[in-house]
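> Using only what follows, build the 3D model:
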Amino acid sequence: MKIKIFGFTIVSTLLSIVNAKVYNFKAVSLSNNEYILGVKHDDVIDQMTPAAFPLFTAQIEADNISNYKYVVLDQTGQVVEEESIDREYSEDNSNLNEVYNRTTKQITIPELPKPFKTSYSLGSKNFVPFPNNEIWTIHAQCDEIYDEVKNTPFLEGNLRNDKESNCTLTIITAEDVYQYQGTTRLVGFGSRLYKKLSWVFKIKDDKKFFGRTALKVRSMSNDPTLMREKVLTDLYTAVGVPVQEGTYARVLINNDVWGLYEVVDTLNKKWIAAYVHNGDKKMVGTNYKLFSFHPSGPYAELKYLGDDPELYDPVNYTVDEVDSDDVEANKNSGKYYRLIQFTKKFGEWLEKYQDDSSDEAYEALEKFLDIESTLKMMVVETLSLVKDNFWVIMGNVALYYNKEKDYYQFLPYDFDDAMKGIKGPYLHDDYIQDCYTWADDVPNFEHYFTKGLLSNPRISERYNIILAKTVRDTFNLDTVSSHIDAYADLIREDVEWNFNAIDNLQTSYDGFVNHYTLNDFEDNLESGHLLVDTTIRTDDAPYGLKEFIDIRGNNCKAVTADVQIPEEDGAFSHSFSIFLLILTQILLFITLY
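Below you'll find the model as predicted:
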């Protein structure tokens, strides 16, 4: 249900006579529901009315209100806090859902350059990408199961507590308010080791928000910049790899203020249809999530084990989406048929073409694997040094059978510790300079698929080209710096509030807390190094975000300095430059004549 907050039109003759006006205010509270908001103007405080918590509204009759600010009131109407912002009234602002102690501003996030053409839609008409230049507010009013889960995210035996709580969901954007009946539950395993938990909200009754029926909110508990995952997903999008993009939201549940989160899509049929098949749900095939358990295993090796589906451990291969219309699969090995076929085809290709640099070898693999998307994903992982994803351990990735094109592709998700430069237990000493074998030293894991893939000279050459072009065009400090600065401007006013929120959370769960500060945020954006201090924090950030991009980008640029970029990879940029030149000449001609 979409809620519109309208002002009343005052037509009173008396008011007209005295020239009084009606001033409309809408503001989002960032306190719990024990407090209300008020409007302070001309040394007068008017109490606001809850419209759809945490949104409050007020209509004030006055001769003139030019400046105002919002205040926090207790239940008796006493002021307990007032914002530091001096606001100037305008009709434009009166139509917006302003946020307590947050300036109303227009932020433009510069797009990262796209170094390659892409065959993927990355969104559709009814499932549009999230806006990246505003911060939403999400409030969930949930039943008693929420408190149980919040206080006990793990059950006995370290099992996940995945109970669902019924909720009323309110989502407030800059201009609108949406309200739904839905549910919430915890997501992730490693993320619930932290006191600030990650959640997924599901919408009931076939209702949709931006075309979605589910939203995952990630806590970013181990990132002092609160933007590494956001920048990384933007990099995936720039190179043309389908990925669950995100936006920011302030999250409140019941009487708890959880802080700033990243809202991302869940990997489901609707997302696959929109980002891979341009919104065509009929084309969605079967999807497998891959899981590995380091350092002792088992790992999702993607080895062919035979045609018996019982040989493929569901611990490593979870069927995420099943294509019930896949006749061939249903008459053979059922839900594991497409996985078995992929491993079988790759094994046969590897045996025949491993050392073959011919066109025939490349084309034979291209018939059943999206090579470009796979290598682009590997390049992004190389540049970001993600620790528990595809290349390192075959985790946080899905193997998807794209029946529209009759081939397979990998879909990455969840990027913990990206772009921090953490060495971790498996990376060798010169990992920060290594752009090829940085991920190969995991114990008990032979990297059958990635090593087999790159053992082919033609594919290894293509990896080099993609790496070289990405660092030259996109992953470098000159390019990414303004992108980071824009996100920092967007969230800076929420940073300290976010870090303080988790310290004030009422919970009996003793999860990890990184007691980051606003100074930590500012320092680690640049080159400030935050190392583990058990009295303060549990996570390293040994490189600042910009520092990491500069060092990693330059190292990978240096080792690919001699790589020649084929003309077809530069064709788009060259053609576009010519188009801009012609357009400029036409506009100049029109101006002069």
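> tell me the SS of Lys387?
Lys387 carries the three-state label coil when classified by DSSP: H, G, I helix; E, B strand; the rest coil.
> now do Ile85
Per three-state DSSP, Ile85 ends up coil.
> Give the next helix or strand downstream of the worst-scoring helix or strand of the chain on mean pLDDT.
With mean pLDDT, DSSP states H and E as the measure, the helix or strand of the chain carrying the lowest mean pLDDT is helix 13-17 (a mean of 42). Note on helix 13-17: by DSSP states H and E, the next helix or strand toward the C-terminus is strand 21-28.
> Which positions within stretch 351-362 qualify as buried?
Under the neighbour-count criterion of 16 or more other C-beta atoms under 10 Å, stretch 351-362 has 353, 361-362 buried. Any C-beta I mention is one placed from the backbone N, CA and C, and that applies to glycine too.
> Contacts for that stretch, please.
349, 364-365, 371, 452, 455-459, 461 (C-beta atoms under 8 Å, 6 or more residues apart in numbering).
> name the element Asn166 belongs to?
Taking DSSP H and E as the criterion, the element that holds Asn166 is strand 165-172.
> Walk me through which strands that strand pairs with, and which way each runs.
Taking DSSP bridges as the criterion, strand 165-172 forms sheet pairs with strand 135-142 (antiparallel), strand 177-186 (antiparallel).
> Point out the one among those that comes closest to Ala468.
The stretch from the strands paired with strand 165-172 with the least distance to Ala468 (C-beta to C-beta) is strand 135-142; that distance is 36.2 Å.
> relative orientation of the closest one and strand 21-28 in degrees?
Note on geometry: by axes from the mean of the first three to the mean of the last three C-alpha atoms, to 10 degrees, strand 135-142 and strand 21-28 are set 70 degrees apart in direction.
> Isn't Thr104 up against Asn95?
No. Look at Thr104 against Asn95 with C-beta atoms under 8 Å: they stay out of range, at 10.9 Å.
> out of the strands paired with strand 165-172, nearest to Phe154?
Comparing those against Phe154 with C-beta to C-beta, the closest turns out to be strand 177-186 (9.6 Å).
> Residues touching that closest one, excluding its own?
If you take C-beta under 8 Å, 6+ apart as the criterion, strand 177-186 is touched by 1-5, 51-52, 55, 97, 140, 142, 146, 149, 153, 160-172, 192, 197-205, 207, 209, 253.
> So which of these are in strands?
Using DSSP state E, the subset of the contacts of strand 177-186 located in strands is 2-3, 51-52, 55, 140, 142, 160, 165-172, 199-203, 253.
> Closest to the centroid, which residue in the protein?
Within the chain, the residue whose C-alpha comes closest to the C-alpha centroid is Gly246; the distance, by C-alpha atoms, centre = their mean, is 3.5 Å.
> any idea how far Pro131 is from the nearest residue to that one once chain neighbours are set aside?
With C-beta to C-beta, 6 or more residues apart in numbering as the measure, Val264 is the residue that lies nearest to Gly246, at 4.1 Å, once sequence neighbours are left out. Shown here: Val264 relative to Pro131, a distance of 14 Å by C-beta to C-beta, to the nearest Å.
> So which of those two has more stuff around it?
Summary of the neighbour comparison: Val264 and Pro131, criterion other C-beta atoms under 10 Å, with Val264 having more neighbours (24 against 14).
> quick one, phi psi at the more buried one?
phi -130, psi 160 (degrees, to the nearest 10).
> Ok, the one 4 residues further on next?
Asn268 adopts backbone torsions of phi -140, psi -180, taken as degrees, to the nearest 10.
> go on, Ala214?
In this entry, Ala214 is assigned phi and psi values of phi -150, psi 140 (degrees, to the nearest 10).
> just checking, it touches Lys207?
No. Counting by C-beta under 8 Å, Lys207 is not a contact partner of Ala214; they are 11.4 Å apart.
> how does this protein divide up, domain by domain?
2-99, 135-264, 281-473, 564-593 (automatic domain parsing).
> Ok, which of those domains comes nearest Cys556?
Each of the domains of the chain was scored for nearness to Cys556 using C-beta to C-beta, and the closest is domain 281-473 (4.2 Å).
> Can you check the distance spanned by that closest one, start to finish?
34 Å (C-alpha to C-alpha, to the nearest Å).
> Among the buried residues of stretch 351-362, which ones are in helices?
Members of the buried residues of stretch 351-362 lying in helices (criterion: DSSP state H): 353, 361-362.
> any chance of these in TSV, plus pLDDT?
TSV is the format used below for those (pLDDT from 0 to 100):
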residue	pLDDT
Tyr353	95
Ala361	96
Tyr362	96
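> Looking at those, spot the one nearest Phe116.
The closest of those to Phe116 turns out to be Tyr362 (C-beta to C-beta; 17.1 Å).
> which residue sits closest to Leu518 in space, ignoring its chain neighbours?
Counting by C-beta to C-beta, 6+ apart, Glu496 is the residue found nearest to Leu518 once chain neighbours are left out, at 4.5 Å.
> An error on my part: the question was meant for Gly297.
Using C-beta to C-beta, 6+ apart and skipping residues adjacent in sequence, the residue nearest Gly297 is Asn444, 5.1 Å away.
> swap in Tyr509?
On the basis of C-beta to C-beta, 6+ apart, the spatially nearest residue to Tyr509 that is not a chain neighbour turns out to be Asn151, at 5.4 Å.
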